Structure formats: C-alpha cells, structure tokens
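[1] turn this into a model:
(one chain, ligands or ions: 2)
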Amino acid sequence: MKVAVTGAAGQIGYSLLFRLASGSLLGPDRPIELRLLEIEPALKALEGVVMELDDCAFPGLAGVEIGSDPEKIFDGVNLALLVGARPRGPGMERGDLLEANGAIFTAQGKALNSVAADDIRIGVTGNPANTNALIAMSNAPDIPQERFSALTRLDHNRAISQLARKTGAPVTDVKHMTIWGNHSATQYPDVFHAEVGGRNAAEVVDDQSWIENDFIPTVAKRGAAIIEARGSSSAASAASATIDAARDWLLGSATDDWVSMAVVSDGSYDVPEGLISSFPVTTSAGDWTIVQGLDIDDFSRVRIDASTAELAEERDAVRELGLI
Ligand SMILES: NC(=O)C1=CN([C@@H]2O[C@H](COP(=O)(O)OP(=O)(O)OC[C@H]3O[C@@H](n4cnc5c(N)ncnc54)[C@H](O)[C@@H]3O)[C@@H](O)[C@H]2O)C=CC1
Ligand SMILES: O=C([O-])CC(=O)C(=O)O
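    Numbers count the residues shown, from 1 in each chain. Ligands and ions are numbered 1, 2, ... in the order given. I've put the predicted structure just below:
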C-alpha cells in the first residue's frame, strides 16, 4: 500500500511516520511505501527524518520517497493523510486558518484527482480539518465524495478518556461515543448515546451539570488547553488518532461499537447535505455508513445545529474566496 503523508517534516509527522512504518496501520505483515510531501524549505529537515526511518530498519517499510510536487508524490497512492498545514497558535481559532490553509487543499485536491490510485482514501488532519476536506473534495470531482474524511477521532478519543476517568471505568468499557459537527470549539461530544460497561453513559454519570459544564467544554477546548500548556498544538495524540481513524476505515470498526468521522452529509440528522460534518459511523473495508435511528433530544439538537451552522459559515467563506 502506498501511503502519502503531507507536512511530513512537521510535529505530527514526526510521530505519525514512525507509527505507520512500524505497522500500526495495517499490521506488521503488510508492507507500506511512504510518499512524503513537504514544501521545498522543509525538505532538508525531512531528509533527516528519513535517515531516522532508515535507522529503525522497520521490516514493513517497503520504501520512502520525498518531494515537494504533489503530482509526483501522490502518483498511485492508495491512502493520503493530509496533515500539512499551518497550525494555530495561542488565542487563535482553527477557523482563523481558513485562508492560509485553503490554498494548500485546493492544489492537493486537484493533484489527487489526477494521479491517485482508483481506490484512494483521503483523511484530512490539517486544520480547519472539516472545511479543508470540503475544499479538497470540491477540487477532486472524479474521486467519489465518500473517499474524503476529516479527523474528529482525536476528539472522540478525548471524550472516551474523560468519560472513563469520570466513571472509573477502563477506556475499553466506553462504547458508542459520538462527536457531532465541526472539529472546533462548537463540536458536540454526545454522552447520551454512549455506554459505559453496557449501561447508558448519561445515566451512569447521573450529573447533568458535569456533562454540560465540564465534559463538553473540556473535550471541545482540549486542543486549546494543550497549546496553552505545551506552547504548540497536540502532535503525538493527533498522530495516534490519525492512525486509529485510517486503520478503522480500511480494516473496519469493532462490531459492537462505532467511531466518529467527519464525512460528507447526506442530510442524516438534518445536517445540511454536502457539509463535511462529524457523525457516528461504522466502517468496513474502506467504506463508512452513518449510524441511523438515534433519538436526538432538544439538548443535543441545539448543539448539533450550532456546530453545523458554523460549518455552513466556513463553507460560505471558502466559496467567497473562490476555493470551492
Ligand atoms: N484534526 C485534528 O484533530 C488535529 C489537527 N491538527 C492540525 O494538523 C496540522 C499540522 O500540525 P503540526 O504537524 O503540529 O504542524 P507543523 O507546523 O509542525 O507541521 C506542518 C508541516 O506542514 C508543512 N506544510 C505546509 N504547507 C505544506 C504544503 N503545501 N504541502 C506539504 N506540506 C506543507 C510545513 O512545512 C510543516 O512541516 C495543523 O493544521 C494542525 O492545526 C493538529 C492536531 C489535531
Ligand atoms: O487545537 C488545535 O489547534 C490542534 C487541534 O486541532 C487539536 O488539538 O484538536
């Protein structure tokens, strides 16, 4: 499998590449070839990272190619992990990156459209992830829309971890977590459909004030808290979530669970059609299906609507910039 990673010399790349090469994506027995895209000035640093990859002697690493031309790097790739983008600093919202990063995803969408393999899957991690995925998708008219997704798995994992901590359960007991909407402060982490040890999570927690005033803001603002503490945005956890999301997409999610992925809306749960919004999905062999039939009460409705309204605003902004 040929896996492209953009922004490969960046912080997330430094964690992601070694996990990919060591077999975290497909298992140690299925070799992968890495195609690493960077901007010209970062290629020297990337050469250093490739020297380190060599030095690990990973048995499953079948080859590494680096470059700054997306048409060359994306040629024949089966999976593209679009990480490369300018990260936000303290005091910024992810939406502030729209203009700076939008241009990157226009060019990369076009390049994927012309040279990627027929079975290409594209996962966008670079922020603002949902709208960057929309830009790439809109610039790749020959690639089916369901091949694009944006990363909300980090939020999903954060939510599982917070809920496990609150209830004293191991993370493996937390199932059916959902992140709805945008990978932004408006996202809605939903415990009402989640379970802890097979019981409804909201009932186990039995503390509406914690859900509203602690859990939701902690998950939604975790990225900012990490920037505040580390001085730069989350990297190892973002790489880990990028792998979790791609692995489940390609190999399938657990049969007794679902995952959160931002994918193109078909109008499910009244999320406007065409937006790339996070939903509960099950996955199998490279396909995803939005989980249907969940009851959405007023508390959840207001929050899902607020986040999808923000996505619609971002879509309108990039439309005005001529990016879609
Ligand atoms: N969706 C999510 O859950 C998360 C998303 N992120 C986002 O991921 C992105 C990357 O974060 P970091 O690795 O920390 O940033 P970083 O600044 O350390 O690395 C980004 C890399 O992208 C490269 N780059 C810039 N333009 C490029 C282009 N046109 N083609 C290829 N590479 C290009 C840069 O040279 C740089 O090496 C940021 O947008 C960040 O906000 C970060 C954490 C979580
Ligand atoms: O907050 C940021 O800018 C980085 C990010 O997306 C996250 O950690 O969720």
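[2] off-centre distance for the helix or strand hosting residue 3?
    Taking DSSP states H and E as the criterion, residue 3 maps to strand 2-6. Taking the mean of its C-alpha atoms, strand 2-6 sits 15 Å from the chain's own mean (CA atoms, centre = their mean, to the nearest Å).
[3] I'd say residue 5 and residue 33 touch.
    No. If you go by CB atoms under 8 Å, residue 5 and residue 33 don't touch, sitting 11.4 Å apart. Every residue, glycine included, has its C-beta placed from N, CA and C.
[4] same drill for those two, tell me which one is more crowded.
    residue 5 (28 against 16; other CB atoms under 10 Å).
[5] show me the contacts for that one.
    By CB atoms under 8 Å, 6 or more residues apart in numbering, the contact list for residue 5 reads 13, 16-17, 20, 34-37, 81, 83.
[6] restricted to helices, list those residues.
    Judged by DSSP state H, the contacts of residue 5 include 13, 16-17, 20 as members of helices.
[7] among the residues you listed, which ones are buried?
    13, 16-17, 20 (16 or more other CB atoms under 10 Å).
[8] returning to what we had before: quick one: is the strand holding residue 3 near ligand 1?
    Yes. Using CB under 6 Å from any ligand atom, strand 2-6 reaches ligand 1 at residue 6.
[9] what pairs with that strand, parallel or antiparallel?
    When sheet partners are counted by DSSP bridges, strand 2-6 sits next to strand 32-37 (parallel), strand 79-82 (parallel).
[10] what's in contact with the shortest one?
    Taking contacts as CB under 8 Å, 6+ apart, the residues outside strand 79-82 that touch it are 1-7, 16, 74, 105, 108, 112, 116, 120-126, 132-133, 136, 242, 246, 250.
[11] returning to that earlier point: of the ones in helices among the contacts of residue 5, which are in range of ligand 1?
    Within those, those near ligand 1 by CB under 6 Å from any ligand atom are residue 13.
[12] can you tell me which two in the ones in helices among the contacts of residue 5 are farthest apart?
    13 and 20 (9.9 Å; CB to CB).
[13] domains of the protein?
    2-150, 153-314 (automatic domain parsing).
[14] these into a markdown table, with extra columns for mean pLDDT and distance to residue 322?
    Formatted as a markdown table, these follow (pLDDT from 0 to 100; distance: least, CB to CB, whole Å):
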| stretch | mean pLDDT | distance to residue 322 |
| --- | --- | --- |
| domain 2-150 | 96 | 9 |
| domain 153-314 | 98 | 15 |
